[in-house]
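Attaching a predicted model along with its sequence, questions to come.
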Amino acid sequence: MILSVQNLTFSYADHTVLEDVSFDVDRGEFLSLLGPNGVGKSTLFRCMLGTLTGYRGRVLVEGQEIRTLPQSQRARRIAYIPQIHRPTFGYTVLDTVLMGTTRHLSPFTSPKQTQMEAARDALDRVGVSALSDRSFAHLSGGEQQLVLIARALAQQSDILIMDEPTSALDYGNQLRVLQQVRALSREGYTVLLSTHNPQHALTFADRVLALHQGAVAAHGPAREVLTPALIRKLYRVETALADTRGGSVLVPLTEGEK
Ligand SMILES: Nc1ncnc2c1ncn2[C@@H]1O[C@H](COP(=O)(O)OP(=O)(O)OP(=O)(O)O)[C@@H](O)[C@H]1O
């Protein structure tokens, strides 16, 4: 087990968002986090990243409480991959990825050979090294998301936290990014990824953690816990599960079909 969240309770002022949340994550696992808008997915991630520290309970990374680690050590263990945003700055793709290595740099040094190698290797790993000299701002959303993943890999952390990385992407780019993320987990990276699309969890994740009203509603292998009953509880919609050549598919039921 690489991560352990134990009895985590977090409140913003008097608004309790997470209450007594516990789960473990194994090395190399791809865990998908599901739950309705406002349930506390981002809040949970921010506690796990050590950026929110006022929680009760424990967040342990290989037995060490995350909020007691200095920022540089936290970044060595866990990388956060943000949603894409439209940047106004004019960095190249390679410079953007090099920023993932800056905890090794002082403001007065230029990237060393090893950092250049880490950045180029990371771009290569996610299949976008051909974009190295392009302007990051001018890439498509899918390409930008892959570059942000490369930046996290260049940071050389072995745990990747991704908050709705596919929300701004078209269908093809969503699948390409998720395939890439799954490939990284098969290489040994531990991935926690939140999504509003339970089908993505069903197709790509090993396990699912579902939050409902601040608590864990389900936790286990994606194909076992992602049932129409859970979907109804989380999202108040009716679905059916269909077996296809490509795996299980959640099908929304219309009024007449329920
Ligand atoms: N800085 C803050 N101060 C006060 N309340 C906050 C703050 N950030 C989030 N909240 C509240 O905490 C709750 C959980 O928010 P959070 O962003 O973690 O949910 P989420 O599951 O990630 O939502 P979404 O799926 O819509 O992105 C919400 O009710 C939100 O309004």
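Noted; the coordinates are in hand.

Could you list the residues of the stretch 1-150 of the chain in contact with the ligand?
Within the stretch 1-150 of the chain, the positions lying close to the ligand (CB under 6 Å from any ligand atom) are 12, 15, 17, 35, 37-43. Every residue, glycine included, has its C-beta placed from N, CA and C.

what about Arg74, how many residues close to it?
Number of residues near Arg74 (other CB atoms under 10 Å) recorded here: 21.

what's the answer for Thr114, then?
10.

mind checking the SS state of it?
Of the three states, Thr114 takes helix according to DSSP: H, G, I helix; E, B strand; the rest coil.

roughly how far apart are it and Ala154?
11 Å (CB to CB, to the nearest Å).

do the same with Gly142
19 Å.

So these two - more neighbours on which side?
Ala154 (26 against 21).

For that one, give me its contacts.
97-98, 100-101, 115, 118-119, 121-122 (CB atoms under 8 Å, 6 or more residues apart in numbering).

Partner strands of the helix or strand harbouring His219, with direction?
Using DSSP states H and E, the element containing His219 is strand 215-221. Note on strand 215-221: by DSSP bridges, its sheet partners are strand 207-212 (antiparallel).

okay if I get the contacts of Ala154 as JSON lines plus pLDDT and distance to Cys47?
As requested, those are exported to JSON lines (pLDDT from 0 to 100; distance: CB to CB, whole Å):
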{"residue": "Val97", "pLDDT": "93", "distance to Cys47": "27"}
{"residue": "Leu98", "pLDDT": "91", "distance to Cys47": "29"}
{"residue": "Gly100", "pLDDT": "82", "distance to Cys47": "22"}
{"residue": "Thr101", "pLDDT": "82", "distance to Cys47": "26"}
{"residue": "Gln115", "pLDDT": "87", "distance to Cys47": "30"}
{"residue": "Ala118", "pLDDT": "91", "distance to Cys47": "28"}
{"residue": "Ala119", "pLDDT": "94", "distance to Cys47": "29"}
{"residue": "Asp121", "pLDDT": "93", "distance to Cys47": "31"}
{"residue": "Ala122", "pLDDT": "93", "distance to Cys47": "27"}
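
from those, which would you call buried?
Applying 16 or more other CB atoms under 10 Å to the contacts of Ala154, the neighbour count classes 97-98, 100-101, 115, 118-119, 122 as buried.

Just confirm Gly127 is within a strand.
No - counting by three-state DSSP, Gly127 is not found in a strand; it is coil.

Val17: what's it in contact with?
10-11, 40, 43, 214.

Out of those, flag the one nearest to the ligand.
Thr43 (3.3 Å; CB to the nearest ligand atom).

so how many other residues sit close to that closest one?
20.

Looking at the contacts of Val17, state which has the most neighbours.
Gly40 (24 neighbours).

Pull out the buried positions in the strand holding His219.
In strand 215-221, counting by 16+ other CB under 10 Å, buried: 216-219.

Report the two of these separated the most.
Greatest spacing in those, by CB to CB: Ala217 and His219 (8.4 Å).

shared neighbours of the two, anything?
Ala210.

Show me where the protein has its strands.
3-12, 15-25, 30-34, 56-61, 64-65, 78-81, 159-163, 190-194, 207-212, 215-221, 239-244, 247-252 (DSSP state E).

among the ones you listed, which is the most enclosed?
Across the strands of the chain, averaging neighbours per residue (mean count of other CB atoms under 10 Å) puts strand 30-34 on top, at a mean of 25.

What's the mean pLDDT across stretch 165-181?
The average pLDDT within stretch 165-181 is 91.

Run the contact check for it versus the ligand.
No - no part of stretch 165-181 sits near the ligand under the criterion CB under 6 Å from any ligand atom; the closest distance found is 8.8 Å.

related to what we said a few turns ago, how about the residues of the stretch 1-150 of the chain next to the ligand in CSV, adding pLDDT?
Converted to CSV, those look like this (pLDDT from 0 to 100):
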residue, pLDDT
Tyr12, 97
His15, 97
Val17, 98
Gly35, 98
Asn37, 96
Gly38, 96
Val39, 97
Gly40, 97
Lys41, 97
Ser42, 95
Thr43, 97
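
now, which of those residues sits nearest Thr227?
Gly35 (15.4 Å).
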